[in-house]
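1. I would like the atomic coordinates for the input below:
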Amino acid sequence: MELSYHAIPYAQLTTDQLYQLLRLRAEVFVVEQDCVYQDLDDKDQQAVHLLGMTEDGRLAAYTRIVPKGTSYPEFASIGRVITASFARGKGLGRPLMRESLRVLFEHYGEQTVKIGAQAHLGDYYTSLGFKGIGDVYDEDGIPHRSMLFVPST
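-> Model (predicted):
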């Protein structure tokens with residue numbers, strides 16, 4: 001499955017794009033993962049939203065990319081990493097994260113990136129160059145681990 005990626009700052013999102021990304025986040029994080037949490041956390045307005053779209057206009061993959069000081073005082077971050085259920089198992093995760101890092105560096109400069117990864121995905125993120133830091137912690141009833149990506153110089 002080929003996706004076209006669109007990196008869009010919040011203020012430039014159309015209402016349809018905003019609806020699609022919020023709907024996908026609710027479908028995956030609230031309904032599928034059975035996790036009641038406050039998704040609308042006032043970080044979207046500072047974010048660049050990366051939308052991976054199919055040829056027929058469906059949102060298949062998504063990340064929220066935020067500058068240093070938004071999620072973490074000292075680090076930029078990539079969060080709300082999602083592949084839609086219809087697009088899973090098609091090898092979209094790696095290209096999504098590579099494009100997310102590229103967009104983050106393009107918008108905010110090359111720097112160390114911190115993520116709060118679901119703990120069961122630790123090996124996946126390690127294979128992309130992230131390194132776990134600290135202990136596993138609970139976030140909204142799901143085990144997470146902080147991870148850092150340090151770009152090579």
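2. just the strands in the protein please.
-> 4-9, 48-53, 59-66, 76-83, 113-118, 130-139, 142-149 (DSSP state E).
3. ok now the fifth one, how far from the chain's centre?
-> How far strand 113-118 lies from its chain's middle: 9 Å, per Cα atoms, centre = their mean, to the nearest Å.
4. where in this structure is pLDDT low?
-> 153 (pLDDT under 70).
5. ok, longest helix in it?
-> Assignment by DSSP state H gives helix 93-108 as the longest helix of the chain.
6. which parts of it are buried?
-> Under the neighbour-count criterion of 16 or more other Cβ atoms under 10 Å, helix 93-108 has 93, 96, 97, 99, 100, 101, 103, 104 buried. The way it works is simple: take the backbone N, C-alpha and C, and place the C-beta from them, glycine included.
7. equivalent analysis for stretch 12-30, please.
-> Counting neighbours by 16+ other Cβ under 10 Å, stretch 12-30 gives 13, 17, 20, 21, 24, 25, 28, 29 as buried.
8. need the contact list for residue 68.
-> Residues near residue 68 by Cβ atoms under 8 Å, 6 or more residues apart in numbering: 74, 75, 76, 108, 111.
9. pull out the buried members of those.
-> 75, 76, 111.
10. who does the first one form a beta bridge with?
-> With DSSP bridges applied, the residues forming beta bridges to residue 75 are residue 72.
11. who are the contact partners of it?
-> 68, 111, 112, 113, 114, 148 are the contacts of residue 75 under Cβ under 8 Å, 6+ apart.
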